[in-house]
Every structure is written in structure tokens, then in C-alpha cells.
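Peer 1: Sharing a model that was predicted from the sequence below.
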Amino acid sequence: MFSNEGRQKERTGKYGTPRVEYLQELVTEFQQTVSEEAKEQIVAHLANFGYDPLNYEYLRQLHVLDLFLDCLTEPNEKLVEFGVGGISNCCPDPANAAAIVSSGGIPLLVSCLSSAVENTVLSTITSLYYLCTPSTSKEILDPLVVEAIRGFANSDANCRSRNVARAFIEKFVDGRRLCSK
């Protein structure tokens, strides 16, 4: 789970690859492989590193957030799912959120709301929840986006997506606590 540098050194061992080098190897492998299955596995693996705040700086340094955003435009639904999952894992960090927004991530995320893949929708709504600030509210709280999220909030389909959508609507639409400026 969450770790610190001491714990990472302990886990890496005397002959292991330091974290930033390992992440760089994954990025390089993603860029060089032609196998869709390998790309899916690499993006899923990179997305899992987004859970640990210790990795946030490394992921920014290696432009992994841009890699995740690029995945959102792919026709491969698994790449989209894992890419948006990586964004969802990383965007609670303010520096990552700023990088995602400045790279044009909001329109890419909004386009993922129409996905038929439940995990993609769940991660998209979660990401938009974390990215909604006074400076992004006009774009995120567009009536069409709110309508789509409200549809998930009122849906009987997926409990997780419904709950996240309801939290989004309660905080940003009905409550207007953060994004009203």
C-alpha cells in the first residue's frame, strides 16, 4: 500500500531496480511494443503505481500522466479503462491534477462518460470529482456533463458508479459547495 522511501529501499533490495528506473523501463517498453496485450498490461501496471503518493513525482517526471491521457483516445477499450484508472488514482494529488488539466484532460475524461465499460465510467466520474475546482467548474459542470452524471446517479445498473455519481451531484450540483465561484 502506501510506502515511504525507506520501505521502498527495503523492498527493492541490494540488487533491485530503483522505483524511478523501473517506471522508466515500463514507459519505454510501452513505447516500443506493438503488442496490444502488452500495452494493456503495462498501462494497468503503471495505473497501480498511481495509488501510492510516493510515486506521484516519478509519474509526473516520466510523463506517465500524458501516457494515461493518450490512452483515452485509443480504440482499445482496455487501454481506455486502464488509462482513466491511472488518472483516477493520480488526480487526488494537486500537482497531478494541475498537470492533467493543463494537458487538456477534462474533455478527454468527459468523452469517457459514454463508455459501456463500468470501470471506465466509475474512474471517469471519480476523476472529475477530484478535478472539479473553481477554475475547472465551467468545463466540468457543463449541463451535458451534469446530465450524464445525473443519469448514472439515478441508474440501477452499477452501485459503485451510482454512489460516486450521487456524491458528485450532491457536492457540485445540488450543494454547489466547491465549484460555485
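Peer 2: Great, that's in hand. Numbering: from 1, shown residues only.
Peer 1: Give the closest residue to Thr124 in space, chain neighbours not counted.
Peer 2: Of all residues beyond its chain neighbours, the one nearest Thr124 is Cys112 (4.2 Å), with distances taken as Cβ to Cβ, 6 or more residues apart in numbering. In this view, the C-beta of every residue, glycine as well, is placed from N, C-alpha and C.
Peer 1: tell me the contacts of that neighbour?
Peer 2: Shown in contact with Cys112 (Cβ atoms under 8 Å, 6 or more residues apart in numbering): 72, 80, 84, 120-121, 123-124.
Peer 1: which of the residues you listed count as buried?
Peer 2: Buried residues within those, counting neighbours by 16 or more other Cβ atoms under 10 Å: 72, 80, 84, 120-121, 123-124.
Peer 1: give me the element the residue nearest the centre of the chain is part of.
Peer 2: Residue closest to the average C-alpha location in the chain (Cα atoms, centre = their mean): Ile87, at 1.4 Å. Assigned by DSSP states H and E, Ile87 belongs to helix 77-90.
Peer 1: could you say what helices and strands that helix packs with?
Peer 2: If you count contacts as 3 or more Cβ pairs under 8 Å, 6 or more residues apart in numbering; DSSP states H and E, helix 77-90 packs onto helix 36-49, helix 64-71, helix 94-102, helix 105-111, helix 118-131.
Peer 1: Output these in TSV, with distance to Cys159 and mean pLDDT appended to each entry.
Peer 2: TSV is the format used below for these (distance: least, Cβ to Cβ, whole Å; pLDDT from 0 to 100):
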stretch	distance to Cys159	mean pLDDT
helix 36-49	22	98
helix 64-71	26	98
helix 94-102	26	98
helix 105-111	22	98
helix 118-131	10	98
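Peer 1: Export the ones you listed to TSV and append columns for distance to Tyr58.
Peer 2: Formatted as TSV, the helices and strands packed on helix 77-90 follow (distance: least, Cβ to Cβ, whole Å):
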stretch	distance to Tyr58
helix 36-49	8
helix 64-71	8
helix 94-102	11
helix 105-111	19
helix 118-131	20
